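Got a predicted model here, sequence first, then my questions.
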Amino acid sequence: MIKLSSILSLIVVALFMMSAKSAGLSSTITNFFFSPAVSTAEVCVEEIAPAPVVSPGLRSLKDGALEQQLRQRLRKNPTWKRLIDQKRLSVGIVDMNDENCVRYAAVNGQHMMYAASLPKIAVLAAAHDAIERGELQETEEIKKDMRLMIAKSNNAATTRMIDRVGFENIERTMTDPNLKLYDPAYGGGLWVGKRYAAGGRRHPDPMKGISHAATTEQICRYFYKLHNDDLVSETASEKMRSYLVDPELHHKFVSVLDRVAPKAKVYRKSGSWSTFHADVAMVQGPERDYIMTALVDDAAGEQIVRQIGAVLDKMLAS
């Protein structure tokens with residue numbers, strides 16, 4: 001049985017709503033009495049900003065099965081096998097075809113070698129670091145020199161950039177705790193300690209005394225950071241990619257990609273001097289999203305890098 005007090009309460013509410021209707025308050029009252037409650041938890045969830053996505057370190061993505069496959073394919077070639085055993089050939093790859101399952105593998109990945117012009121990418125990063133610190137003004141002349149340094153591997157333009165930035169600041173960027181692109185704990189890495197000219201002082205790397213050095217692991221880390229907008233900064237990464245894309249020298253890896261993936265977007269830097277040959281390419285589309293790099297010390301190095309590029313593309317194309 002409904003209590004008399006409950007009936008009286010309902011009559012009061014009804015009379016109040018009727019009188020409020022003329023004052024335009026009925027919807028407010030209806031919402032108050034009859035709308036479902038909004039929980040505090042739901043409001044908090046909507047107001048909390050999502051946490052920023054942090055890309056995992058490349059070394060944590062090392063894949064044993066991929067590395068075994070890479071090693072087996074390279075060692076099938078007797079010349080490459082000999083060079084690997086003599087530590088005169090180093091190869092690194094990053095498979096990014098599945099963004100949820102990035103895989104990294106290398107052979108002699110932490111063995112530092114002379115890399116000719118490839119370490120000019122260290123100058124590129126250090127220049128953008130200096131620009132963001134306010135130490136270097138990003139003039140049209142500097143932008144032109146950076147494009148010449150990367151796309152055409154122009155030594156005069158690179159030397160001008162080195163003189164502007166300075167060896168110590170290149171070292172500062174390469175050893176920055178957020179980058180560690182040169183790290184003695186992992187075999188060294190990217191280093192530029194000599195102008196690409198006949199004269200000038202030397203500032204060789206402290207481990208082996210190499211003027212223009214690299215390891216394939218650190219090259220892979222550089223481009224993986226670049227891929228994830230994590231090299232110096234998001235803005236700097238975007239600018240650096242604009243210099244590295246559409247290379248104007250079509251040899252080594254690019255000669256292969258021109259044939260097997262002519263529509264791919266390629267970010268690239270290479271180098272050659274005497275018997276030393278180096279190349280790196282970050283390849284995107286169609287059916288490709290990967291990084292490949294190789295360092296070799298052999299008179300036939302250019303041909304070897306080209307042949308390795310064909311093997312790696314076949315491995316990594318999805």
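Now that the structure is in, tell me what you want to look at. Residues are numbered from 1 along each chain as shown.

Okay, now the unreliable bits of the stretch 51-200 of the chain?
Using pLDDT under 70 as the threshold, the predicted model of the stretch 51-200 of the chain has low-confidence ranges 51-55.

can you do 50?
Where the stretch 51-200 of the chain drops to pLDDT under 50, the residues are 51-53.

quick one: the strands in this structure?
89-95, 103-107, 113-114, 182-183, 188-189, 191-192, 212-214, 265-273, 276-284, 289-297 (DSSP state E).

Tell me which of the ones you listed lies nearest to Q72.
Within the strands of the chain, the stretch nearest Q72 is strand 103-107; the backing value is 10.2 Å (Cβ to Cβ). To be clear about C-beta, it is placed using only N, CA and C from the backbone, and glycine gets the same treatment.

For the closest one, which outside residues touch it?
When contacts are taken as Cβ atoms under 8 Å, 6 or more residues apart in numbering, the neighbours of strand 103-107 outside the stretch itself are 58-59, 61-63, 66-67, 69-71, 74, 84, 89-95, 216-217, 220, 224.

Buried subset of those as a ChimeraX selection?
Isolation of the buried members of the contacts of strand 103-107 (16 or more other Cβ atoms under 10 Å) is achieved in ChimeraX through the command below:
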select :58,61,63,66,67,70,71,74,84,89,90,91,92,93,94,95,216,217,220,224
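
hmm, back to that, for Q307, which of the strands of the chain is the nearest?
Ranked by Cβ to Cβ, the member of the strands of the chain that lies closest to Q307 is strand 289-297, at 9.9 Å.

packing partners for that closest one?
In this structure, strand 289-297 packs against strand 89-95, strand 113-114, helix 216-227, strand 276-284, helix 301-316, with contacts taken as 3 or more Cβ pairs under 8 Å, 6 or more residues apart in numbering; DSSP states H and E.

and if we set it to 6 Å?
strand 89-95, helix 216-227, strand 276-284, helix 301-316 (3 or more Cβ pairs under 6 Å, 6 or more residues apart in numbering; DSSP states H and E).

and of the ones you listed, who's closest to N154?
Checking the helices and strands packed on strand 289-297 against N154 by Cβ to Cβ gives strand 276-284 as the closest, at 16.7 Å.

returning to what we had before: can you lay out the strands of the chain as JSON lines showing distance to L312?
Converted to JSON lines, the strands of the chain look like this (distance: least, Cβ to Cβ, whole Å):
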{"stretch": "strand 89-95", "distance to L312": "6"}
{"stretch": "strand 103-107", "distance to L312": "10"}
{"stretch": "strand 113-114", "distance to L312": "18"}
{"stretch": "strand 182-183", "distance to L312": "25"}
{"stretch": "strand 188-189", "distance to L312": "21"}
{"stretch": "strand 191-192", "distance to L312": "25"}
{"stretch": "strand 212-214", "distance to L312": "17"}
{"stretch": "strand 265-273", "distance to L312": "13"}
{"stretch": "strand 276-284", "distance to L312": "9"}
{"stretch": "strand 289-297", "distance to L312": "4"}
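
Nearest to A151, out of those strands?
Of all the strands of the chain, it is strand 265-273 that lies closest to A151, at 8.9 Å by Cβ to Cβ.

report the angle between the axes of the closest one and strand 289-297?
Per axes from the mean of the first three to the mean of the last three Cα atoms, to 10 degrees, the angle that strand 265-273 makes with strand 289-297 is 10 degrees.

Show residues contacting strand 265-273.
Contact partners of strand 265-273, identified using Cβ atoms under 6 Å, 6 or more residues apart in numbering, comprise 115-118, 121, 241, 244-245, 247, 252, 257, 278-284.
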